[in-house]
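1. I'll drop the sequence and a predicted model, then ask my questions.
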Amino acid sequence: MGRGRQKAKATKQAREIKYYTPNTDLSALERELAQKRGDLPAEDTTSSEDDPYDVDELSERYGR
């Protein structure tokens, strides 16, 4: 008689885990990520001269 009850409980726990959606504080996540990358500004401030992957320069260099 115990196996059916165990299986039902396991199924219930699996559903709870699968559909669990915690509240995420996105502003805290943004601050944490900004600290890890050194407080880089959100907009792209690099120029094409500083970009090591400049498409035009690479195409000229490698002839593509």
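-> Received it, and whenever you're ready, just let me know what you need. Numbers count the residues shown, from 1 in each chain.

2. Can you give me the buried ones in the helix or strand bottoming out on mean pLDDT in the chain?
-> Lowest by mean pLDDT, DSSP states H and E among the helices and strands of the chain is helix 55-62, with a mean of 77. By 16 or more other CB atoms under 10 Å, helix 55-62 has no buried positions at all. Every residue, glycine included, has its C-beta placed from N, CA and C.

3. CA atoms of it as PDB?
-> Presented in PDB, the C-alpha positions along helix 55-62 are these (Å, rounded to 0.1, in the frame of the first residue of the first chain):
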ATOM      1  CA  VAL A  55      34.600  43.400 -40.300                       C
ATOM      2  CA  ASP A  56      35.900  45.700 -42.900                       C
ATOM      3  CA  GLU A  57      39.500  45.500 -41.700                       C
ATOM      4  CA  LEU A  58      39.400  41.700 -41.400                       C
ATOM      5  CA  SER A  59      37.900  41.300 -44.900                       C
ATOM      6  CA  GLU A  60      40.700  43.500 -46.400                       C
ATOM      7  CA  ARG A  61      43.300  41.600 -44.400                       C
ATOM      8  CA  TYR A  62      42.100  38.100 -45.300                       C
END
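
4. how about the helices in the protein?
-> In the chain, the helices defined using DSSP state H lie at 2-18, 26-36, 55-62.

5. Residues in contact with the first one: which ones?
-> This means helix 2-18. Contacts to helix 2-18, defined as CB atoms under 8 Å, 6 or more residues apart in numbering, come from no residue at all.

6. With just CA atoms, put that helix into PDB.
-> Taking Å, rounded to 0.1, in the frame of the first residue of the first chain, the C-alpha atoms of helix 2-18 are listed here in PDB:
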ATOM      1  CA  GLY A   2       2.900   2.400   0.500                       C
ATOM      2  CA  ARG A   3       4.200   2.500  -3.100                       C
ATOM      3  CA  GLY A   4       1.200   4.300  -4.500                       C
ATOM      4  CA  ARG A   5       1.300   7.000  -1.800                       C
ATOM      5  CA  GLN A   6       5.100   7.400  -2.300                       C
ATOM      6  CA  LYS A   7       4.700   7.800  -6.100                       C
ATOM      7  CA  ALA A   8       1.900  10.300  -5.700                       C
ATOM      8  CA  LYS A   9       4.100  12.300  -3.300                       C
ATOM      9  CA  ALA A  10       7.100  12.200  -5.600                       C
ATOM     10  CA  THR A  11       4.900  13.300  -8.500                       C
ATOM     11  CA  LYS A  12       3.600  16.200  -6.500                       C
ATOM     12  CA  GLN A  13       7.100  17.300  -5.500                       C
ATOM     13  CA  ALA A  14       8.300  17.000  -9.000                       C
ATOM     14  CA  ARG A  15       5.500  19.300 -10.300                       C
ATOM     15  CA  GLU A  16       6.200  21.800  -7.500                       C
ATOM     16  CA  ILE A  17       9.900  21.900  -8.500                       C
ATOM     17  CA  LYS A  18       9.100  22.100 -12.200                       C
END
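
7. No further queries at this time; thank you.
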